[in-house]
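In: how would this look folded up:
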Amino acid sequence: MRFIIGAPPNGAALKEELKSQLEGDDRVSTVIDLSTKDITYPEVSFQAAQVIVEGKADRGILVCGTGVGTAIAASKVPGIRAATAHDLVTVRGSIENYNAQILCMGQNVITPTAAKALVDLWLTLRHDSTSNYGKLLDEIDAYEAR
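Out: As a prediction, this is how the structure comes out:
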């Protein structure tokens, strides 16, 4: 899997931990880091989402203070579903139900150890487009295309 990762300064420490994890994982072939010391959470979110829309990455991880701002900004890019998740149920649902391409986390909300465990699970999850949620995602896509 090809990954895009990024964070503004208030998410940089956790982002570095997750980046190291991804770089050491055999399931991950590429990790592109968009972070700079001056980047804002909207800009890094827009850039990451665009890389995925262009097919240059399969999934992404964004980290800010809470994970909410990055999810809102990334989801403004047509075709992107970004989810904030800090627990097992939400991480699982983000892929299995909603096929989110971007996982957003908050450096002020979750410990690095817990975030790494959730990212490890997130790497194994897949969406089943034939499930009931597949039809609902089609409904969302149709609305977005209007």
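
In: For the least confident helix or strand in the chain by mean pLDDT, buried residues please.
Out: When the helices and strands of the chain are compared on mean pLDDT, DSSP states H and E, helix 132-145 comes out lowest with a mean of 90. Using 16 or more other Cβ atoms under 10 Å as the test for burial, helix 132-145 gives 133, 137. For glycine as for every other residue, the C-beta is placed from the backbone atoms N, C-alpha and C.

In: Tell me how far that helix lies from the chain's centre.
Out: 19 Å (Cα atoms, centre = their mean, to the nearest Å).

In: burial measure for residue 97, as a count.
Out: By the measure other Cβ atoms under 10 Å, the count of residues near residue 97 is 18.

In: Could you measure from it over to residue 128?
Out: Using Cβ to Cβ, to the nearest Å, residue 97 is found at 9 Å from residue 128.

In: just residue 17 next, same as before
Out: In terms of Cβ to Cβ, residue 17 sits 30 Å off from residue 128.

In: So between those two, which is more surrounded?
Out: residue 17 (18 against 12).

In: Enumerate every residue touching the closest residue to that one other than its chain neighbours.
Out: Nearest residue to residue 17, sequence neighbours excluded (Cβ to Cβ, 6 or more residues apart in numbering): residue 112, at 4.4 Å. By Cβ atoms under 8 Å, 6 or more residues apart in numbering, the contact list for residue 112 reads 13-14, 17-18.

In: Dump those to JSON lines, plus pLDDT and secondary structure.
Out: Output for the contacts of residue 112, formatted as JSON lines (pLDDT from 0 to 100; DSSP: H, G, I helix; E, B strand; the rest coil):
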{"residue": "13", "pLDDT": "98", "secondary structure": "helix"}
{"residue": "14", "pLDDT": "98", "secondary structure": "helix"}
{"residue": "17", "pLDDT": "98", "secondary structure": "helix"}
{"residue": "18", "pLDDT": "98", "secondary structure": "helix"}
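
In: filter the residues you listed to the buried ones?
Out: Buried by 16+ other Cβ under 10 Å: 14, 17-18, out of the contacts of residue 112.
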